[in-house]
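**Q** Got a predicted structure plus its sequence, pasted below:
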Amino acid sequence: MSEILSQEEIDQLLTAINAGDTEPEAFKPAANSRKIKIYDFKRPDKFSKEQIRTFAIMYEQFSRLAVADLSAQLRSIVHIRVASVDQLTYEEFIRSIPTPTTITKINMDPFKGNAILEIDPTITFSIIDRICGGCGDGTKSQHELTEIEQNIMEDIIIRMLGNLREAWAELIDLRPRLGQIDTNPIFVQIATPEDMSVLITMEARIGSVEGMINFCIPYLTIEPIMGKLSPWSWYNTMARDYSTPVRDDIPITLIAEILRRDYPLNEILGWNVGTVILPLRPLSPGFCFLRLGNRRIWQCQILPDRKWFFKRITIIGYAEKPFGTEGNDMDNNVNSLVKNAVYSARMTVSVELGAASKTVREVFAMGEGTIIELDKLAGEPVDVKANGVYIAKGEVVVIDEIFGIRVNKIIVPFDAFEQSEKEEPAPETEAPEPGTGEAT
């Protein structure tokens, strides 16, 4: 608060100035204190605060997608969140990461340049340990990745790039491609040391193991779309996607599906009571996917059953891409005879936990934590279908720590018709003990 001088004090001040006892400059008000920073031409600011905020929004979406994907693949709770978004020179980024580490060059098509993905060694070895059947503690000794370990990390990174493409989809149709994986940052050069880059740092936790995941994107790589990198452009693009009016009371059927795999028809026709259907890759009991049409939208967790409750699942995250068959396609040996050709045709076998009918309005309102009540009672068998046709009933079993479905009853066409008419199905035949008649 400023002080007001009295008339007597003003007269004394003027007398002192006229007598030369005091310099007039001594009574000038002090300038407001401001923070002054010398501009560094070697480290210019290329990204505005709005553009930094846009990167944070995109990679928060990427982290949510990656959490859902890795949690299912590693059969463990995974946490990933954006810790910071900064701009720095490429040399500063290279000097900041450890050696050895998991670092790879990402081709950012349709951009002409590349980006860098770096995964902390503790996260890398935790992932490898879980994929190989361990508890996820990883290894304390840091070493260069073996050929097998590199192949495991390639599969993980390729799935992460699918999540990255979806996170960028609101701005551009990004088609990232994986380059060679290295362990020494010096061997990965995508820009000059003075080039400015944006660094997205994410904190990752797998079980009790914590580490960092870094994305480094040089300014020259994304310069063509710098004008679109603003939260306003981001949300405006999303609003245009949903601007088409729809009837939100249209019913939609959601299917809770445990696994899906292709089988040749002649193998399906040989199934009987006790046959065990095994997935092509390990699956986690207690988890399933909620399918809308032919697209896997949400990853869900099966809630504990009680005999007097309907089966219930809860959404725990989003899936990564349209649903397809798991694993590699099976060889189809085409025979000249029609009979052999038909019997060798591949059928898509799906195992469904149950279904739920929701309106469009209810589907749009669904998210993480939503609980869906299915149309099957707890303890009821699961449905086995081939190309959408109801062919068998089964139950979830674990044989030698392998999760699969054991067929309890083969459905003949008349039984399938009764099931479609919602009539009481015929009594089920008791299945033999596990371990017989496996379908591999």
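**A** Yep, it's here.
**Q** domain parsing for this protein?
**A** Domain assignment for the chain by automatic domain parsing gives 49-240, 251-439.
**Q** where exactly do the strands run in the stretch 251-400 of the chain?
**A** 251-264, 276-277, 287-292, 295-302, 310-318, 346-359, 371-377, 382-386, 389-399 (DSSP state E, counting those that start in this stretch).
**Q** how about those strands in CSV, adding mean pLDDT and distance to Glu50?
**A** Every C-beta, even on glycine, is put in place using the N, C-alpha and C of the backbone. Formatted as CSV, these follow (pLDDT from 0 to 100; distance: least, CB to CB, whole Å):
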stretch, mean pLDDT, distance to Glu50
strand 251-264, 82, 37
strand 276-277, 82, 52
strand 287-292, 81, 34
strand 295-302, 80, 31
strand 310-318, 69, 26
strand 346-359, 84, 37
strand 371-377, 82, 38
strand 382-386, 86, 50
strand 389-399, 83, 50
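**Q** Make a markdown table from the ones you listed and add distance to Glu8 and mean neighbour count to it.
**A** Listed next are the strands of the stretch 251-400 of the chain as a markdown table, based on distance: least, CB to CB, whole Å; neighbours: other CB atoms under 10 Å:
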| stretch | distance to Glu8 | mean neighbour count |
| --- | --- | --- |
| strand 251-264 | 86 | 19 |
| strand 276-277 | 103 | 22 |
| strand 287-292 | 85 | 21 |
| strand 295-302 | 81 | 20 |
| strand 310-318 | 77 | 19 |
| strand 346-359 | 83 | 18 |
| strand 371-377 | 80 | 16 |
| strand 382-386 | 98 | 21 |
| strand 389-399 | 97 | 18 |
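**Q** Helices along the protein, start to end?
**A** 7-19, 49-74, 90-96, 121-131, 147-168, 219-222, 231-241, 265-269, 338-343, 360-364, 413-420 (DSSP state H).
**Q** Quick one: distance of the longest one to the chain centre.
**A** In terms of CA atoms, centre = their mean, to the nearest Å, the centre of helix 49-74 is set 7 Å apart from its chain centre.
**Q** tell me which residues in it are buried?
**A** Within helix 49-74, the residues scored as buried using 16 or more other CB atoms under 10 Å are 51-55, 57-59, 61-74.
**Q** Contact partners for Phe111?
**A** Listed by CB atoms under 8 Å, 6 or more residues apart in numbering, the contact set of Phe111 reads Leu174, Thr221, Ile222, Pro224.
**Q** Farthest pair within the residues you listed?
**A** Within the contacts of Phe111, Leu174 and Pro224 form the most distant pair, 12.2 Å apart (CB to CB).
**Q** neighbour-wise, which of those two wins?
**A** Each of Leu174 and Pro224 has its neighbours counted (other CB atoms under 10 Å); Leu174 has more, 18 against 13.
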